[in-house]
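**Q** below is the sequence, then the predicted model.
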Amino acid sequence: MSPKIELILQCAMTILKESGDQGLTMRKVAEAADMRLSNVQYYFKTKDLLLGALLEGFLLDYAQSMDALTSSDKLEAEKRLQQLMTHILNDIESSDCSIVFKEIWAIAERNSTVKQAVDDYYAKLHLMLFQQLQQIAPEKCKDKTINNAVAILLPFIEGYCITNTNLKVSNKKLSEQLASVLFRILN
């Protein structure tokens, strides 16, 4: 990714976090990036495309960090699963996802292009989680069973993204419990 695109996305993320959807304009992104509006629009013709790129960035970061976790076969499957759950929960708490996703979900309710970007994001995230669980699951585990585990995990992750600041459960304990549930489903 070019440094200009990274700068544009970083500025858009900051504006979205601080000012929400109403405050995020292409002009404000250009000002924050110290660029001309036409330069920003060269890379992202519309605000919708810019929001789609923000979602792709979340997904790429997520994928890279999860791949590094599950590629180790040294740990037993349940421990690898717990490590993955801990990582996901810690990432949610430390990242901007809860602020940004609330804004993007709200936009998606009114904007079909952003809704499609959100739907694409979830399809890719579903596949990524499926592949991660497939690496951990026993060989005899059927794809349908793995898919069922993802069907539990994905809404949990997204719900946790919204509610984590109100929950009084440690990530360690929650990740142990979630890994235990998923491990039972996969076995």
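**A** Now that the structure is in, tell me what you want to look at.
**Q** domains in this protein, by residue range?
**A** 1-45, 53-186 (automatic domain parsing).
**Q** which of those comes out lowest on mean pLDDT?
**A** Ranked by mean pLDDT, the domains of the chain end with domain 53-186 in last place, scoring a mean of 82.
**Q** the domains of the chain into JSON lines, with extra columns for mean neighbour count?
**A** Using the backbone N, CA and C atoms, a C-beta is placed for each residue, glycine as well. Shown next, in JSON lines, are the domains of the chain (neighbours: other Cβ atoms under 10 Å):
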{"stretch": "domain 1-45", "mean neighbour count": "16"}
{"stretch": "domain 53-186", "mean neighbour count": "16"}
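**Q** using the three-state scheme, assign Cys141.
**A** Three-state assignment for Cys141 (DSSP: H, G, I helix; E, B strand; the rest coil): coil.
**Q** isn't it right next to Arg184, touching?
**A** No - shown here, Cys141 and Arg184 do not form a contact pair, counting by Cβ atoms under 8 Å, at 11.7 Å.
**Q** which strand or helix spans Ala106?
**A** Assigned by DSSP states H and E, Ala106 falls within helix 97-110.
**Q** which is the next helix or strand following that helix?
**A** Using DSSP H and E, the helix or strand that follows helix 97-110 in sequence is helix 112-136.
**Q** just checking, what packs against the helix or strand following that following helix?
**A** Downstream of helix 112-136, the first helix or strand assigned by DSSP H and E is helix 143-163. Applying 3 or more Cβ pairs under 8 Å, 6 or more residues apart in numbering; DSSP states H and E, one finds that helix 143-163 contacts helix 77-94, helix 97-110, helix 112-136, helix 171-186.
**Q** and of those, who's closest to Thr165?
**A** helix 97-110 (7.2 Å; Cβ to Cβ).
**Q** what are the contacting residues of that closest one?
**A** Here helix 97-110 makes contact (Cβ atoms under 8 Å, 6 or more residues apart in numbering) with 13, 16-17, 20-21, 24, 51, 54-55, 58, 91-92, 114-115, 117-118, 158, 161-162, 164-165.
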